[in-house]
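J.: with the sequence up front, the predicted model follows.
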Amino acid sequence: MGLIRGERRRRRRHSTEFKAEAVAACRLPGVSIASVALANGVNANLLRRWVIASEGKTVQSEPAAFVQLQVEPPRVASPASTAEIRIELRRGAIAVNVTWPLAESAACAAWMRELLR
């Protein structure tokens, strides 16, 4: 069903009673907002806004507060244990072992992405 040239699409207006009934249906246990929206012929995002508004919250969330975290410095392993990347791939009876220099980890990641495509 398309619009006729020159005809403007109009927003539907929903009564306060309709909104209240839809919001109440969303609060029933085991009922999803999407299912209520579908049953009432409204968009789920619109119905979610009505539910949030009925709870007295604003639709737009406030920015999260800054929380300072203590970060530990990275642990330095011995050079012998981190000198290379070892990968073992198995598919059925076939096993492939790959060893890659740690200094070339970006190239190893690119190779893995191509391999797993």
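T.: Happy to help now that I have it.
J.: show me what counts as buried in stretch 41-61.
T.: If you call a residue buried by 16 or more other C-beta atoms under 10 Å, then stretch 41-61 has these buried ones: Val42, Leu47, Trp50, Val51. Glycine gets a C-beta too; all of them are placed from N, C-alpha and C.
J.: ranges for the strands of this protein?
T.: 84-91, 94-101 (DSSP state E).
J.: among those, which is nearest Arg5?
T.: Comparison of these against Arg5 by C-beta to C-beta identifies strand 84-91 as nearest, at 58.6 Å.
J.: distance of the spatially most central residue of the chain from Leu38?
T.: The residue lying closest to the centre of the chain (C-alpha atoms, centre = their mean) is Asn45, at 15.6 Å. Remark: distance between Asn45 and Leu38 (C-beta to C-beta, to the nearest Å) = 13 Å.
J.: what does stretch 28-45 contact?
T.: Residues from elsewhere that reach stretch 28-45, judged by C-beta atoms under 8 Å, 6 or more residues apart in numbering: His14, Phe18, Ala22, Ala25, Cys26, Leu46, Leu47, Arg48, Val51.
J.: tell me the domain boundaries of the protein?
T.: With domains defined by automatic domain parsing, the chain comprises 16-54, 84-115.
J.: so how far is the last one off the chain centroid?
T.: Meaning domain 84-115. Distance, stretch centre to chain centre, for domain 84-115: 29 Å (C-alpha atoms, centre = their mean, to the nearest Å).
J.: and for stretch 66-78?
T.: 27 Å.
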